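*Asks:* kindly generate the corresponding structure for this input.
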Amino acid sequence: MSLKPDQQRFLQSFKALKKLFPEDGGENGYNRPAFSIRERQTHDWLRQQLSQAGIQWYEDSIHNTFGRVGKNGGKAVGIGSHIDTVPHGGLYDGALGTLAALEVARSLKPFETRLKRDVLFTCFVGEEVNPLGGTFGSRALIGAVSTKANDCFTKEQIIAVQSGGQQYQNFLELHIEQAQSLETRQITIGIPTAIAGIVRYQYHFSGAALHAGATPMAYRKDALVHASYFIQQVYEKALTCQKALVATVGKIDVEPNTPTIIPGSVDLILEIRAVDMADAYEFQTQLETDLVQVKPEFVHEVHKITDKASGHLSETVEQVIANSATELGLNFTKMFSGANHDVNAMSKVSEAGLIFVPSHDGISHNPHEFTSDSDLLAGLDVLFQSTLALATT
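*Replies:* Predicted coordinates for the structure are as follows:
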């Protein structure tokens with residue numbers, strides 16, 4: 001079966017997406033927050049595209065969008081991503097995987113009777129960070145979220161989608177790398193073997209909120225100084241760690257946060273991402289041990305607040321992706337993903353795989369996010385060939 005996607009139609013779909021909200025783009029970036037009217041309107045646009053291609057679409061009770069290509073029924077080869085963005089985000093995060101999946105579905109529709117397994121276009125809601133937790137749409141589909149009613153959905157709506165993961169034999173997601181490894185190494189296709197898990201700890205450092213002018217330096221208990229030492233240790237130890245992990249302190253609150261008073265308390269969040277979660281736990285334990293031994297005068301408390309398991313992707317699907325890249329004459333490398341994606345949830349219920357293409361300068365979640373047309377098309381072609389291979393064997 002010699003089939004190809006329509007590359008120009010695919011590239012035009014980005015322009016059509018940009019036109020949905022004329023005030024978006026430029027320094028303002030793209031703004032389709034999770035569960036917003038704009039996210040719903042963009043899903044409506046995707047459904048129009050599916051209808052125009054003769055693909056019957058449907059939505060579940062939390063508004064995930066699906067479109068099935070094929071006449072076989074049963075478990076399908078899922079393809080897709082999300083369409084929501086962070087505030088002032090870029091054009092390609094999520095949208096690449098969704099628009100590429102749309103093009104694959106449209107290109108396969110005229111030949112659906114030749115498929116041995118149906119292809120299921122999927123666009124998830126609420127992938128970006130939101131009050132219900134990131135990758136909400138995909139996690140809800142596999143029964144990995146609380147069924148308690150919330151500001152967006154009722155208990156019944158959440159329960160109704162929990163068996164949705166059973167319709168997938170495979171799931172493929174195309175995404176920008178959101179880092180600069182591929183571009184730096186001049187590699188076109190990345191094939192992640194795993195997605196790092198995430199563990200977060202809340203630290204509270206206590207000091208004394210004394211007068212900044214009247215208190216001699218030798219008599220101070222500056223909570224920010226204590227926290228600063230800890231932050232530096234996080235960076236230095238992660239920099240020299242030989243394990244596949246990264247560590248970040250990205251949120252910090254200082255009290256009373258005024259120039260005339262010595263900081264009396266500091267709250268911060270330590271996030272560790274690792275392929276092997278045992279490495280993440282060990283890293284934090286060592287940080288804590290060193291802090292107590294080296295700086296026993298630092299008064300602090302620590303609590304674990306987030307613990308998301310890492311996801312290991314299908315070796316079989318990895319090989320299918322590698323074979324597709326080779327057939328297309330594209331160089332590739334195996335790697336791991338430090339960012340979370342919907343495919344992580346889908347890997348718990350199906351044989352799943354992830355395809356990366358380069359991000360210029362590693363920029364993402366930013367209006368200046370950019371991937372060249374040639375790399376976008378390379379990703380599309382690999383997704384198409386991989387989907388075809390899984391759907392016809």
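
*Asks:* do you know how far residue 179 is from residue 376?
*Replies:* Applying C-beta to C-beta, to the nearest Å, the value for residue 179 to residue 376 is 17 Å. The C-beta positions use only the backbone N, C-alpha and C, and glycine is treated the same way.

*Asks:* surely residue 87 meets residue 33?
*Replies:* Yes - Residue 87 lies in contact with residue 33 (C-beta atoms under 8 Å); the separation is 6.7 Å.

*Asks:* ok, those two, which is more surrounded?
*Replies:* residue 33 (17 against 12; other C-beta atoms under 10 Å).

*Asks:* tell me the SS of that one?
*Replies:* At residue 33 the chain is in coil, as set by DSSP: H, G, I helix; E, B strand; the rest coil.

*Asks:* contacting residues for it?
*Replies:* With contact set as C-beta atoms under 8 Å, 6 or more residues apart in numbering, residue 33 has these partners: 39, 84, 85, 86, 87, 128, 130.

*Asks:* the protein - how does it break down into domains?
*Replies:* 7-196+310-391, 197-308 (automatic domain parsing).

*Asks:* show me which helix or strand of the protein is least confident by mean pLDDT.
*Replies:* Every helix and strand in the chain was compared by mean pLDDT, DSSP states H and E; the lowest is strand 311-312, with a mean of 90.

*Asks:* please name every helix or strand in contact with it.
*Replies:* strand 189-195, helix 342-346 (3 or more C-beta pairs under 8 Å, 6 or more residues apart in numbering; DSSP states H and E).

*Asks:* looking at the domains of the chain, which is buried most?
*Replies:* Most buried of those, by mean neighbour count (mean count of other C-beta atoms under 10 Å): domain 7-196+310-391, with a mean of 20.

*Asks:* got the contact list for whichever helix or strand residue 251 is part of?
*Replies:* With elements delineated by DSSP states H and E, residue 251 resides in strand 245-255, which encompasses its position. Strand 245-255 is contacted from outside by 196, 209, 223-224, 227, 230-231, 234-235, 237-238, 263-275, 279-280, 283, 338, using C-beta under 8 Å, 6+ apart.

*Asks:* strand 245-255 and the helix or strand following that strand, what's the angle between them?
*Replies:* Following strand 245-255 in sequence order, the next helix or strand is strand 265-274 (DSSP H and E). For strand 265-274 against strand 245-255, the angle by axes from the mean of the first three to the mean of the last three C-alpha atoms, to 10 degrees is 170 degrees.

*Asks:* re the thing from before, of the contacts of residue 33, closest to residue 95?
*Replies:* Distance to residue 95, by C-beta to C-beta, is smallest for residue 85 among the contacts of residue 33, at 8.0 Å.

*Asks:* just checking, the closest one touches residue 129?
*Replies:* No - contact criterion C-beta under 8 Å: residue 85 and residue 129 do not qualify, at 11.0 Å.

*Asks:* excluding chain neighbours, what is closest to residue 80?
*Replies:* Once flanking residues are discounted, residue 80 sits nearest to residue 122: 3.5 Å by C-beta to C-beta, 6 or more residues apart in numbering.

*Asks:* residue 224 - that's part of a helix, no?
*Replies:* Yes - looking at residue 224 with three-state DSSP, it is inside a helix.

*Asks:* contact partners for it?
*Replies:* 205, 207, 254, 263, 266.

*Asks:* now residue 257
*Replies:* Here residue 257 is in contact with residue 263 (C-beta under 8 Å, 6+ apart).

*Asks:* distance check, it against residue 234.
*Replies:* On the measure of C-beta to C-beta, residue 257 and residue 234 end up 22 Å apart.

*Asks:* and stretch 16-32, end to end?
*Replies:* Criterion C-alpha to C-alpha, to the nearest Å; first-to-last residue distance in stretch 16-32 is 15 Å.

*Asks:* which residues touch that stretch?
*Replies:* Residues outside stretch 16-32 that contact it (C-beta under 8 Å, 6+ apart): 38-39, 41-42, 45, 83-85, 87-91, 95, 99, 366-367.

*Asks:* narrow the residues you listed to those in strands?
*Replies:* When strands are assigned by DSSP state E, not one member of these lies inside them.

*Asks:* now the one helix or strand residue 10 maps to: mean pLDDT?
*Replies:* Assigned by DSSP H and E, residue 10 falls within helix 7-19. Averaged over helix 7-19, pLDDT sits at 97.

*Asks:* repeat that for stretch 247-259.
*Replies:* Taken as a whole, stretch 247-259 has an average pLDDT of 98.
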